[in-house]
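Peer 1: sharing a sequence plus its predicted fold:
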Amino acid sequence: MPTTVPHLRPVLLAEDRPGAPSERPGPPGTERRTAGCLTAATAASVPALRRFARGVAARWDLPTGIDDTLRLVVSELVGNAVRHSGGMDVALLLSVDVSTLAVEVKDNGRWLPRPRGRGEFACGGRGLDIVEAYALRCTVHALPGGTRVVAELSLRD
């Protein structure tokens, strides 16, 4: 049963059930699960979507070592969507298979990369670099209706 996130009024909240048909089936013996939440792009959505992601990871019984990485990646990607897109909504989609957790954040704004600060004391501008350091892969897709960022995290040691 989907849960709600306190202090966040989701527009859409969904989770696949184990054994449910998947659009992207994996190899025999593997099961792909997905969960997502679409909400207003506000500062409050960052910690709320971080809690949503942690709750999903716990329900899916993901390795405990992924927790800190998941929190960091969700914080950075949702924070970027809220701060830089100018969009009204932000969506978080989590999907897992036997070895990978995909964290996808999509907004409906017009996010553009900003010039990075110079020097070691500059603040900001390093969020995607941090995500890339923890991810197997991180891709940014500029779409006509917004931006989609997907970070794939390894569930193996």
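Peer 2: Structure received. Values in this document were obtained by computation on a predicted structure and should not be read as measured data.
Peer 1: most centrally placed residue in this protein?
Peer 2: Of all residues in the chain, the one closest to the mean position by Cα atoms, centre = their mean is V103, 3.6 Å from it.
Peer 1: any idea how far V56 is from it?
Peer 2: 10 Å (Cβ to Cβ, to the nearest Å). Glycine gets a C-beta too; all of them are placed from N, C-alpha and C.
Peer 1: try T147
Peer 2: From T147 to V56 the distance is 22 Å (Cβ to Cβ).
Peer 1: I'd like the next helix or strand past the helix of greatest length in the chain.
Peer 2: Ranked by residue count, the top helix of the chain under DSSP state H comes out as helix 66-84. The helix or strand immediately downstream of helix 66-84 is strand 89-96, counting by DSSP states H and E.
Peer 1: got any residues that touch both of V103 and V56?
Peer 2: Shared contacts of V103 and V56 (Cβ atoms under 8 Å, 6 or more residues apart in numbering): L94.
Peer 1: pLDDT score for M88?
Peer 2: Per-residue confidence (pLDDT) for M88: 88.
Peer 1: what's the longest helix of the chain packed up against?
Peer 2: When contacts are defined as 3 or more Cβ pairs under 8 Å, 6 or more residues apart in numbering; DSSP states H and E, helix 66-84 packs onto helix 45-59, strand 89-96, strand 100-107, helix 127-134, strand 146-154.
Peer 1: hmm, who's touching the fourth one?
Peer 2: Where contact means Cβ under 8 Å, 6+ apart, the residues beyond helix 127-134 that reach it are T69, L72, V73, E76, L77, G79, N80, C138, V140, V149, A151, L153.
Peer 1: how many neighbours does the fourth one have?
Peer 2: Same thing as E76. 22 (other Cβ atoms under 10 Å).
Peer 1: can you check the last one too?
Peer 2: Applying other Cβ under 10 Å, we find 22 residues neighbouring L153.
Peer 1: cool, and R54?
Peer 2: 15.
Peer 1: would CSV of the contacts of helix 127-134 with pLDDT be doable?
Peer 2: Listed next are these as CSV, based on pLDDT from 0 to 100:
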residue, pLDDT
T69, 94
L72, 94
V73, 96
E76, 93
L77, 93
G79, 91
N80, 88
C138, 93
V140, 90
V149, 92
A151, 95
L153, 96
